[in-house]
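Student: give me the fold of what follows.
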Amino acid sequence: MRDWAVFIEGIAEVENKVNHSLQPGIDGRSSWGMTTSDLEKRDIFPEIDPPVSIRGTSQSTTSLDKIITADEGLTDTNEMAHHLVDTIEPGDTPLVSDYLEAQLQLVEVVSVYLRAEYQKDRNIELLNKSIAYGRQTVRLSERLRYPKVERLRVLGDLLCLRFSRTRVLSDINEAVEIWARAVTLSVDDDAVHGACLTRLGVSLNTRFDCLGTLGDLSESIQYGMEAVRMTPDGHPDKPGRLSNLGISWQSRFQRLGELADFDHAIGCHSRAVELTPDSHPNKPGRLSNLGISWQSRFERLGELADLDHAIGCQSRAVELTPDGHPDKPGGLNNLGISWQSRFERLGELADLDHAIGCKSRAVELTPDGHPNKPGRLSNLGNSWQSRFERLGELADLDHAIGCKSQAVELTPDSHPNKPGRLSNLGNSWQSRFQRLGELADLDHAIGCKSQAVELTPDSHPNKPGCLSSLGNSWQSRFERLGELADLDHAIGCHSRAVELTPDSHPNKPGRLNNLGISWHSQFERLGELADLDHAIGCQSRAVELTPDSHPNKPGGLSNLGISWHSRFERLGELADLDHAIGYQSRAVELTPDSHPDKPGRLYNLGASWQTRFYSLNQPINLEQASNAFRAGATEAAFMPLPQMSCARKWASIARVLGGSSLEAYNVAFSLLPRLVWIGQTVQRRHEIMLSVRDLAAEAAAWAISAHLYDLALEWLEQGRSVVWGQTLRLRTPVEELATTDHELAQAFQHTASQLDMAGFSRARQPHDTSVLPELVSQAAHHHKLASDWDKLLEQARLLPGFENFMQPPKSTELKRAANDGPVVVINTYHTQCDALIILPHQDEIIHKPLTKITQDRLKWLSSIANCMSGKIRGPEVARGITRSNAEDISQLPVHLWSDIVAPVLNELGYTRSSNADELPHITWCTAGEMSFLPLHAAGLCNGSPAALDLVVSSYAPTLTSLLFHKMPSSAQAGLVAVGPEASTKQTTLPKTAEELEVIKKHAAVTPCLQLKDTSATVDATLAAMREHSWVHLACHAVQDRANPSQSAFHLYDGVLTLEEIARRQFKNKGLAFLSACQTATGDCELPDEATHLAAGMLMAGYPSVIGTMWSIMDDDAPLVADVVYSELLKGGKLNHMVSARALHKAVKALREKVGKKEIRRWAPFVHIGV
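Tutor: Coordinates of the predicted model:
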């Protein structure tokens, strides 16, 4: 019971909410506003006082020009200086003293020169040399007993400069030591002392940023205040020292959250800006620093005026900074953060576009290796994520994950911003989970957020945001897997986050909302009314604290409405339901059109109106529900899951109101390709199909009731074997398109091939975090391929004659599947069961109601058939059969005959048996639980003709599968027979050798490769399948019900899975004979999706497949193979088009041998395809 609507609390806590149920639901996790600068890293601009002049003798005869003309001169000087410093004492001789003085001046000149050269081209080697010479000046000064404060200041500045480039901790540690010595030595000179104090403060603040040690920050403020105090008004250094002190106060607020620190920071920065003329080169940095403080104040207090001040300051800073200036990227980054905050507060897309523009430019201008690159990448990722959440474009989310993954990768664990960047990345993984449902994405989210919480100190103001964000992910995991422990984690995280957040904090409403969601979930799970009261209390408080103009207000209202709805369902108080409708109506009203949350909120409102109708029986309420569902289904915002639910609700209400459901179902089927999106893994698409597995049956049942048989046929084809059909479309030849547009056809083939591989290659994602960057890139590429595919389809459909290119087939085309014999499409729904009979070369579809089949009876018949499903091919009868259900099994053919098969055959006039070669051929296209029934085995026990005596039966997962493989291949290249008598971890199959000998006997004049025992490896089998047209697999097989794509054949050295088979695109193939157990047994959860091994062979390119519905006896396999191949290989030719008749004869022979009552032995063999 969750809303699909999404709303955001903030960068550290961005969470969406998507639910797969058809009940009203909670609106998305909230994350309101940016929580701290650690999460969106701003660039601060500490300032260095003007360069110091170099004192020294002017008598030196050494020429600077001479020194800089040759590298070896520098090297000689360097070596000589080292030698002098290490070996000569200052008082040795006057000559030595004079020489040391000359060397000191020389080294100082070289150091200054190198520093100037570094400023030109930023060559780090020049900076390294400059620092080396700087250290020599200090050491020479100590030998000469000269004043060395100026030399310490130069060295300190150089070390800070290099630290800003390399982030090597030893540099900032040495800088702090250097500046501390300079402060001690300069106490007698106020001007120099003030400069040293401010630089020591800046260095300590820089080290605090790196290590987070509060002692460094306290000392930074202490020294900064002393520097400002002793600097008179009007002094040119006063503004810079005020700005530096403001930075330290700002850092203290971000660490401790004390509002008084804010006021100090803004006061310092405002005074610094006021004292600095526009023409001053440091004006932009000081404006940017002031903007950061206004931005932080907005985040803490939520006053929009503060944010406007921030944008004004930062815009002016960017304007005053010339292009090419190293501070330009930082200013752009800061401005982008403020635009982002404005978007999150007001919801204006133009603000978000400004944010992305600024941040993109900041990243572009920041060189690789720059210490601020990770933070700027993370910031840009936040904006891309916001755009995804506003517009729903998956490409934006892929951009976000890419940026944030790179940011985390570039940030060492010891960096204080690592937790924020991890939390940001976790938010994006969470968003992708909620959009695509890949559980691996949620695991990545929890991993990132857990690490963020672990790395964040309890006293840090970011801790509540990280906790709330982690709680959202635990909540999502609970909703996906149902584990109460996950919900306990969620409530614990959210409760702690709320407890740590003051009421005045702008993120308090979002964290209350998150906690309310978890309490509501616990109420739904455990039924404790106190939990629901907690939920309503939290959500009411969240709504109360949220300004009406805030874009998150609608989500809070929708969530509160859902909780009131739940209270009505528990207590029956009509006032509670009216509260729900009031809040949800207001939520819809406040949500702009095209907003991705609107369909979910309309669904919630429609559900409440529907509940009111059921309670009061007022038709107007049902009409109001219908209007809400219709609006949600047709909303311009493309959110396929909630829109699909709206469409189906709309259709059901239309039936109740006596109207037409046609428009609603047409909308539902138009949404299906985007819901089961080709940009997702095959495994995930199968999971999504669970939410709509009965859509086709439901819609077809309505169409049949309305006598729209052609439409029912089309809807059944669109809604069954959806994933299978997507793969077939990717493998559809485009020769006809190539005659019109060759380049477009080539683009189709290239994109289709890559998409086909991508769907399978990402099916089993590893959880090793070391491969995350590869997975991010892989997923983004898959999504782009899917987007490109859609664009190519649009382009092709603009060409004359290609308007329906790769569109779902119309009934006129589908009917061609019956050109070689009748096709019977059976639809089952809880209201009815119907057979639609397609006859060769006839336009009219025959409708035959199967009135004896009810939902309960069908389940009973299916349960009997399931009793025959053993696990492996073996020497004994299928396991799991008891005496009681054995009696039911013996009666199964009778029930199938009277309830299903006889009515159809009577309608067709197939009532008399004849010669096997003259029997009519019929193809059964079943759905739902009907797919597990052996209709070909139907018959009475009184000696009357059974289905096996009247018709040759085949099965087909869809009509399209028959059309796709209708033409026989002209190039046949022999047969490969695979039969490992023993395989890994399986019992031996002694009859496989006999089975392969039978095949060899009939293939005397046909090329036949046999892979026995140790030669029957996975690689050898796949290689042989590529080279041969037919394949016979005599081995163990297993149906993986938890993950059907991992159903597999057991070969000598391992398993050949359905996933591995389905990804192949074999050409010129014929028959695949799967002489193993359960190779045509589908998934009971997804019976319409043809997720069995036989369907995989069809997908891989084999048009005709012989498989088994349940376990077979090892003794029976050689007999069936003997009869089949005696028919198929007559005259030495391979003709798979008669496979159905060959199997029919084999099954009759087996039935005659074991007796009609042994249905479990002769009935499992089935033919699928053409």
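Student: show me the protein divided up by domain.
Tutor: 61-146, 232-326, 811-961, 969-1169 (automatic domain parsing).
Student: TSV for the ones you listed, including distance to residue 175, mean pLDDT and mean neighbour count?
Tutor: Yep, even glycine has a C-beta here, placed from its N, CA and C like the rest. Converted to TSV, the domains of the chain look like this (distance: least, C-beta to C-beta, whole Å; pLDDT from 0 to 100; neighbours: other C-beta atoms under 10 Å):
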stretch	distance to residue 175	mean pLDDT	mean neighbour count
domain 61-146	10	52	16
domain 232-326	14	89	20
domain 811-961	71	85	18
domain 969-1169	57	86	21
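Student: quick one: closest of those to residue 345.
Tutor: domain 232-326 (6.5 Å; C-beta to C-beta).
Student: gap between the two ends of the closest one?
Tutor: Taking C-alpha to C-alpha, to the nearest Å, domain 232-326 runs 30 Å from one end to the other.
Student: and for stretch 1023-1043?
Tutor: End-to-end distance (C-alpha to C-alpha), stretch 1023-1043: 26 Å.
Student: run the chain-centre distance for it.
Tutor: 32 Å (C-alpha atoms, centre = their mean, to the nearest Å).
Student: so where do the helices sit in the stretch 401-550 of the chain?
Tutor: Here the stretch 401-550 of the chain has its helices, by DSSP state H, counting those that start in this stretch, at 418-436, 439-455, 463-481, 484-500, 508-526, 529-545.
Student: what about the ones you listed, which gets the closest to residue 134?
Tutor: Of all the helices of the stretch 401-550 of the chain, helix 418-436 comes closest under C-beta to C-beta, at 31.9 Å.
Student: center of this protein - which residue?
Tutor: Relative to the mean C-alpha position of the chain, the nearest C-alpha, by C-alpha atoms, centre = their mean, is the one of residue 432, at 3.3 Å.
Student: and the nearest residue to that one once chain neighbours are set aside, what does it touch?
Tutor: The shortest distance from residue 432 to any non-neighbouring residue, by C-beta to C-beta, 6 or more residues apart in numbering, is to residue 441 (4.7 Å). Listed by C-beta atoms under 8 Å, 6 or more residues apart in numbering, the contact partners of residue 441 are 429, 430, 432, 433.
Student: from the residues you listed, list the buried ones, please.
Tutor: 429, 430, 432, 433 (16 or more other C-beta atoms under 10 Å).
Student: dump these to JSON lines, plus pLDDT.
Tutor: Listed next are these as JSON lines, based on pLDDT from 0 to 100:
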{"residue": "429", "pLDDT": "94"}
{"residue": "430", "pLDDT": "92"}
{"residue": "432", "pLDDT": "90"}
{"residue": "433", "pLDDT": "90"}
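Student: which of those residues sits closest to residue 1013?
Tutor: Looking across the buried ones among the contacts of residue 441 and measuring by C-beta to C-beta, the closest to residue 1013 is residue 433, at 45.7 Å.
Student: now distance to residue 134 too, for the buried ones among the contacts of residue 441, in JSON lines please.
Tutor: Listed next are these as JSON lines, based on distance: C-beta to C-beta, whole Å:
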{"residue": "429", "distance to residue 134": "46"}
{"residue": "430", "distance to residue 134": "49"}
{"residue": "432", "distance to residue 134": "50"}
{"residue": "433", "distance to residue 134": "53"}
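Student: now, the most widely separated pair of those residues?
Tutor: Longest distance between any two of the buried ones among the contacts of residue 441 is 7.4 Å, between 430 and 432; criterion C-beta to C-beta.
Student: one step back: is it true that the residue nearest to the centre of the chain touches residue 404?
Tutor: No - counting by C-beta atoms under 8 Å, residue 404 is not a contact partner of residue 432; they are 11.5 Å apart.
Student: quick check: end-to-end length of stretch 453-461?
Tutor: 12 Å.
Student: got the buried residues for that stretch?
Tutor: Within stretch 453-461, judged by 16+ other C-beta under 10 Å, the buried ones are 453, 455, 456, 460, 461.
Student: residue 216: which of those residues is nearest?
Tutor: residue 460 (15.4 Å).
Student: spit out the contact partners of the residue nearest to the closest one when sequence neighbours are not counted.
Tutor: If the residues on either side of it in the chain are set aside, residue 460 comes closest to residue 255, at 6.7 Å by C-beta to C-beta, 6+ apart. Contact analysis of residue 255 by C-beta under 8 Å, 6+ apart lists 212, 214, 217, 459, 460, 461.
Student: shaky segments in the stretch 351-500 of the chain?
Tutor: Regions of the stretch 351-500 of the chain meeting the criterion pLDDT under 70 are absent.
Student: circling back to that earlier point, how about the contacts of residue 255 in JSON lines, adding distance to residue 641?
Tutor: As requested, these are exported to JSON lines (distance: C-beta to C-beta, whole Å):
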{"residue": "212", "distance to residue 641": "42"}
{"residue": "214", "distance to residue 641": "47"}
{"residue": "217", "distance to residue 641": "48"}
{"residue": "459", "distance to residue 641": "41"}
{"residue": "460", "distance to residue 641": "37"}
{"residue": "461", "distance to residue 641": "36"}
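Student: ok, so of the residues you listed, who is nearest residue 473?
Tutor: Of the contacts of residue 255, the one sitting nearest to residue 473 (C-beta to C-beta) turns out to be residue 460, at 19.7 Å.
Student: show me the strands in this structure, by range?
Tutor: 823-829, 832-838, 846-849, 921-925, 952-955, 975-979, 1008-1012, 1030-1034, 1036-1038, 1048-1051, 1054-1057, 1071-1075, 1104-1108, 1165-1169 (DSSP state E).
Student: among those strands, which is nearest residue 964?
Tutor: Taking C-beta to C-beta, strand 1165-1169 is the member of the strands of the chain nearest to residue 964, at 9.6 Å.
Student: now residue 1094: closest residue in space that isn't a chain neighbour?
Tutor: residue 1107 (3.6 Å).
Student: for the one you found, give the beta-bridge partners.
Tutor: residue 1166 (DSSP bridges).
Student: so which bits of stretch 481-497 are buried?
Tutor: 486, 487, 489, 490, 491, 493, 494, 495, 496, 497.
Student: residues making contact with it?
Tutor: 453, 464-465, 467-468, 470-472, 474-475, 477-478, 511, 514-515, 518-519, 521-522, 525.
Student: and it, how far out from the chain middle?
Tutor: 22 Å.
Student: now do stretch 306-318
Tutor: 36 Å.
Student: now swap in stretch 683-698 and tell me
Tutor: 19 Å.
Student: same question, stretch 927-936
Tutor: For stretch 927-936, the distance to the chain centre is 36 Å (C-alpha atoms, centre = their mean).
Student: can you tell me which residues contact the residue nearest to residue 261 when sequence neighbours are not counted?
Tutor: Once flanking residues are discounted, residue 261 sits nearest to residue 253: 3.8 Å by C-beta to C-beta, 6+ apart. By C-beta under 8 Å, 6+ apart, the contact set of residue 253 is 259, 261, 262, 265, 296.
Student: verify the contact between the last one and residue 249 for me.
Tutor: Pointing back at residue 296 there. No - Residue 296 is not in contact with residue 249 according to C-beta under 8 Å; the separation is 10.5 Å.
Student: common neighbours of those two, please.
Tutor: Joint contacts of residue 296 and residue 249 (C-beta under 8 Å, 6+ apart) are 262, 265.
Student: got the phi/psi numbers for the nearest residue to residue 301 once chain neighbours are set aside?
Tutor: Once flanking residues are discounted, residue 301 sits nearest to residue 504: 6.7 Å by C-beta to C-beta, 6+ apart. Torsion angles at residue 504 (phi, psi; degrees, to the nearest 10) stand at phi -80, psi -10.
Student: ok, now how distant is residue 504 from residue 674?
Tutor: 43 Å (C-beta to C-beta, to the nearest Å).
Student: which of those two has more neighbours?
Tutor: The neighbour count for residue 504 versus residue 674, taken as other C-beta atoms under 10 Å, is higher for residue 674 (17 against 11).
Student: for that one, which non-adjacent residue is spatially closest?
Tutor: Leaving aside its chain neighbours, residue 674 sits nearest to residue 640 (4.4 Å; criterion: C-beta to C-beta, 6+ apart).
Student: and for residue 532?
Tutor: residue 523 (4.1 Å).
Student: kind regards, and thank you for your time.
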